[in-house]
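**Student:** I need the structure of the sequence given here:
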Amino acid sequence: MKLPDADHPITVTPTRGRVLVKFGGRVVADSTRALTLQEASYPLVQYIPREDVQMRYFEPTTHKTHCPYKGDASYFSLKADGRSAENAAWSYVEPYPAMTQIAGHLAFYPDRVDSIEVAQ
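**Tutor:** You can find the predicted model right below:
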């Protein structure tokens, strides 16, 4: 386990505004409670509470990844209106202590959904 530091900063802040994730012509996530995660020089990632995600469109997969800063991620495929996107979203069910804010949230690969919109 590594802790964020000056060489690899990670910040988690409440997203200002509303986050909409669309896939297959449907809104699959709609939240005013999302969190913005900025990790080092990587692009910003929106983490959306599961309560604001239409989980009926998601199926857990066996795919897993490990981040030395956040912990083990579980993945979900997305299926709606005859379309599917494998491992389109991920979640840290039990993130490391420094990242507990993102527990119970989902994040999405921008290239596996139609759009991720942040409206202020």
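**Student:** neighbours around residue 56, how many?
**Tutor:** Applying other C-beta atoms under 10 Å, we find 9 other residues in the vicinity of residue 56. Every residue, glycine included, has its C-beta placed from N, CA and C.
**Student:** repeat that for residue 83.
**Tutor:** Residues lying near residue 83 (other C-beta under 10 Å) number 12.
**Student:** now the residue lying closest to it once chain neighbours are set aside: how far from residue 85?
**Tutor:** Take residue 83 and drop its neighbours on the chain: the residue closest to it by C-beta to C-beta, 6 or more residues apart in numbering is residue 24, 4.3 Å away. Here the criterion is C-beta to C-beta, to the nearest Å. By it, residue 24 lies 9 Å from residue 85.
**Student:** now do the same for residue 45: its pLDDT.
**Tutor:** Reported pLDDT at residue 45 in the predicted model: 98.
**Student:** brain fart, residue 31
**Tutor:** Residue 31 is given a pLDDT of 98.
**Student:** kindly report the same for residue 81.
**Tutor:** 86.
**Student:** torsion angles phi and psi at the nearest residue to it once chain neighbours are set aside?
**Tutor:** Excluding the flanking residues, the one nearest residue 81 by C-beta to C-beta, 6+ apart is residue 24, at 4.1 Å. Reported as degrees, to the nearest 10, the phi and psi values for residue 24 are phi 60, psi 30.
**Student:** just use 592 as the starting number from now, easier for me
**Tutor:** With 592 as the first residue, the last one maps to residue 615.
**Student:** for residue 615, which residues are in contact?
**Tutor:** Residue 615 sits next to 669, 671, 672, 673, 674, 705 when contact means C-beta atoms under 8 Å, 6 or more residues apart in numbering.
**Student:** just residue 675 next, same as before
**Tutor:** By C-beta under 8 Å, 6+ apart, residue 675 lies in contact with 668, 669.
**Student:** can you give me the strands for this structure?
**Tutor:** For the chain, the strands defined by DSSP state E occupy 601-605, 609-614, 617-622, 626-630, 636-640, 649-658, 662-671, 674-682, 696-699, 706-710.
**Student:** the residue nearest to the spatial centre of the chain and residue 690, how far apart?
**Tutor:** Nearest residue to the geometric centre of the chain (C-alpha atoms, centre = their mean): residue 698, 0.8 Å. Residue 698 is 12 Å from residue 690, where distance means C-beta to C-beta.
**Student:** perfect, that will be all.
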